[in-house]
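> here's a sequence, model it:
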Amino acid sequence: MKKAILLLMSVQFFVYLGFGIIIPILPEVILQQGLSEVHVGGLLTIYALASFFTAPLWGSLSDRTGRKKLILIGLVGFSLSFFLFALFIDNLPLLYASRIVGGIFSGALYTAVTGFVADMTDDENRNKYMGLLGMSIGLGFIFGPAIGGVLGNVSLQLPFIASGTLTVLLMIYAGIILKEPERRGEANKRALLPKGGAMLWQYRIRYLFLFSFMVTFLLAGLESTFQLFQISKIEITPLQLGYLFMASGFVDAAIQGGVVRRVKNGTETKWIIGAQIVTALGLFLIPFTSNLFWAGFALSVFTAGNALSRTVLVSLTTKESGGKYGTAAGMTYSMDNMGRIIGPLLFTWIFTQQAGNMYYISAILAVLSVGLIFAFRKSAKSLRDLETASE
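Next comes the predicted model:
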């Protein structure tokens with residue numbers, strides 16, 4: 001079982017590494033061809049769209065044909081998307097095609113992997129192993145931009161060739177190690193509106209769902225525009241950006257490992273409000289960039305606030321779900337996906353119109369979003385009351 005879990009963690013790591021690795025490369029690719037910066041957001045958005053809307057289909061297929069088969073198919077398709085991007089790096093339509101392929105097969109991998117873990121665990125240890133998958137996803141997001149920046153300094157194609165090759169090797173290893181688990185339930189299909197989700201919107205937890213959208217929306221907006229802005233301010237290179245994202249990744253890890261554990265039950269909203277103010281401060285500092293140190297400092301301040309609000313929000317949403325953990329998690333994931341779909345395209349468009357002013361707009365949105373938490377606190381219609389009554 002340990003070998004299988006480590007392998008599944010590796011799969012999740014590579015899926016989200018593949019999402020992050022493009023961040024420091026994409027602006028260089030677009031600018032070198034003299035194309036509009038909007039395509040940076042477009043290529044990020046099309047990936048999230050393809051993953052989001054095909055995942056339910058993959059989930060159904062996983063339930064019928066088996067988890068292992070779908071994982072192997074997903075790894076083949078995902079590696080193909082890397083090679084396509086490297087091969088057609090100067091052809092915009094085919095870059096979009098490669099991103100669609102990557103998004104489609106990342107959806108297959110996510111549903112098959114989560115279904116696999118659900119099948120091989122019971123209620124007692126499932127949260128533990130799902131948590132390990134979540135950690136792998138976080139590491140992928142942290143190291144993706146860093147690896148993309150470092151390898152992209154050698155060649156813009158190298159990060160994708162390396163990732164494609166490693167994914168193929170992972171597929172071969174998975175074919176040898178993984179054994180089809182005994183079926184316990186259905187795969188996580190990541191539906192647009194999870195079953196029973198409409199009922200949750202009648203309670204104050206809806207404010208947490210909307211806030212989750214804002215947290216991811218602002219993060220996706222920064223990821224898609226930060227390098228474009230820093231190129232114009234300090235002529236930042238992919239290598240330098242990779243180092244900055246690596247440093248901010250360690251800030252994220254420090255928040256997860258150190259600060260979050262200090263949050264006491266009942267104080268979550270205070271921490272979330274404070275974290276969102278820190279997020280706004282980081283966004284406000286970005287336009288004042290005059291050197292690499294300041295760019296890294298502003299990014300780290302933003303990351304600290306965003307990581308803290310994101311993590312505490314997940315905990316509070318779970319407590320507020322009235323025992324409907326899976327439905328609430330599915331709804332939160334859907335809102336996060338909406339943020340990753342809308343954020344890159346909208347913010348890169350605003351960037352082409354307003355440039356640095358875009359971060360002032362983002363900072364204002366971050367502050368205004370705190371109103372959702374105040375609305376949550378003011379509302380008395382809680383699912384916790386229903387859970388207590390049922391007990």
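> hang on, Leu308 packs against Lys270?
No. Leu308 is not in contact with Lys270 according to C-beta atoms under 8 Å; the separation is 11.5 Å. C-beta here means a position set from N, CA and C on the backbone, and glycine is covered the same way.
> out of those two, which sits in the busier spot?
Using other C-beta atoms under 10 Å as the criterion, Leu308 and Lys270 rank with Leu308 on top: 23 against 14.
> can you list the weak-confidence ranges in the protein?
Counting by pLDDT under 70, the chain shows low-confidence ranges at 1-2, 121-128, 130-132, 134-135, 138, 182-197, 325-326, 329-330, 385-391.
> same thing but 50
Low-confidence segments of the chain (pLDDT under 50): 187, 189, 389-391.
> mind listing the strands in it by residue range?
Counting by DSSP state E, the chain forms no strands at all.
> now do the contacts for the closest residue to Leu208 other than its chain neighbours.
Spatial nearest neighbour of Leu208, chain neighbours left out: Thr317 (4.9 Å); criterion: C-beta to C-beta, 6 or more residues apart in numbering. With contact set as C-beta atoms under 8 Å, 6 or more residues apart in numbering, Thr317 has these partners: 205, 208-209, 212, 328-329, 332.
> distance of Thr317 from Met331?
As judged by C-beta to C-beta, to the nearest Å, Thr317 and Met331 stand 9 Å apart.
> quickly list what's touching both of Leu308 and Lys270.
Residues touching both Leu308 and Lys270 (C-beta under 8 Å, 6+ apart): none.
> what about Arg261, neighbour count?
Using other C-beta under 10 Å, Arg261 is surrounded by 8 other residues.
> does Ser163 touch Leu17 like I think?
Yes. Contact criterion C-beta under 8 Å: Ser163 and Leu17 qualify, at 6.8 Å.
> how distant is stretch 86-103 from the center of its chain?
Mean-position distance between stretch 86-103 and its chain equals 20 Å (C-alpha atoms, centre = their mean, to the nearest Å).
> in that stretch, what counts as buried?
Under the neighbour-count criterion of 16 or more other C-beta atoms under 10 Å, stretch 86-103 has 86, 89, 92, 95-103 buried.
> with just CA atoms, put that stretch into CSV.
In CSV, the C-alpha atoms belonging to stretch 86-103 read as follows (Å, rounded to 0.1, in the frame of the first residue of the first chain):
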residue,chain,number,x,y,z
ALA,A,86,8.0,21.9,-26.7
LEU,A,87,7.7,20.9,-30.3
PHE,A,88,5.2,23.7,-31.4
ILE,A,89,6.5,26.4,-29.1
ASP,A,90,6.4,28.9,-32.0
ASN,A,91,2.9,28.0,-33.1
LEU,A,92,0.1,29.7,-31.1
PRO,A,93,-2.8,27.6,-32.3
LEU,A,94,-0.9,24.4,-31.5
LEU,A,95,0.1,25.8,-28.1
TYR,A,96,-3.6,26.1,-27.3
ALA,A,97,-4.1,22.6,-28.5
SER,A,98,-1.3,21.3,-26.3
ARG,A,99,-2.8,23.1,-23.3
ILE,A,100,-6.2,21.6,-24.0
VAL,A,101,-4.7,18.1,-24.2
GLY,A,102,-2.9,18.7,-20.9
GLY,A,103,-6.1,19.9,-19.2
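> contact partners of it?
In this structure, residues lying in contact with stretch 86-103 by C-beta under 8 Å, 6+ apart are 18, 29, 33, 35, 39, 42-43, 46-52, 54, 77-78, 80-82, 84-85, 156-158, 160-161, 164.
> show me just the buried residues among these.
Among the contacts of stretch 86-103, the ones that count as buried by 16+ other C-beta under 10 Å are 18, 29, 39, 42-43, 46-52, 54, 77-78, 80-82, 84-85, 156-158, 160-161, 164.
> buried stuff in stretch 53-68?
By neighbour count with 16+ other C-beta under 10 Å, stretch 53-68 contains the buried residues 53-56, 58-59, 61-63, 66-68.
> can you tell me which of those end up in helices?
Judged by DSSP state H, helices contain the following of the buried residues of stretch 53-68: 53-56, 58-59, 61-63, 67-68.
> how close does Val260 sit to Thr317?
Counting by C-beta to C-beta, the gap from Val260 to Thr317 is 14 Å.
> then Gly74?
Computed as C-beta to C-beta, the Gly74 to Thr317 distance reads 28 Å.
> cool, Asp336 as well?
From Asp336 across to Thr317, the span is 11 Å (C-beta to C-beta).
> what sits in contact with each of these two?
Taking C-beta under 8 Å, 6+ apart as the criterion, Asp336 and Thr317 both touch Ser212.
> give me the neighbour count for Lys378.
9.
> quick one, what contacts Ser362?
The neighbourhood of Ser362, defined by C-beta under 8 Å, 6+ apart, consists of 218, 221-222, 283, 347.
> swap the cut-off to 6 Å and go again
By C-beta atoms under 6 Å, 6 or more residues apart in numbering, the residues touching Ser362 are 218, 221, 283.
> doesn't Tyr359 make contact with the last one?
Yes. The pair Leu283 / Tyr359 is scored as a contact, 4.8 Å apart, by C-beta atoms under 6 Å.
> name the residues of stretch 340-357 that are buried.
340-352, 355.
> restricted to helices, list those.
If you go by DSSP H, these have 340-352 in helices.
> nearest to Ser369, of those?
Closest approach between those and Ser369, by C-beta to C-beta: Gly343, at 13.2 Å.
> next, Lys264: phi, psi?
Taking degrees, to the nearest 10, you get phi -90, psi 150 for the backbone angles of Lys264.
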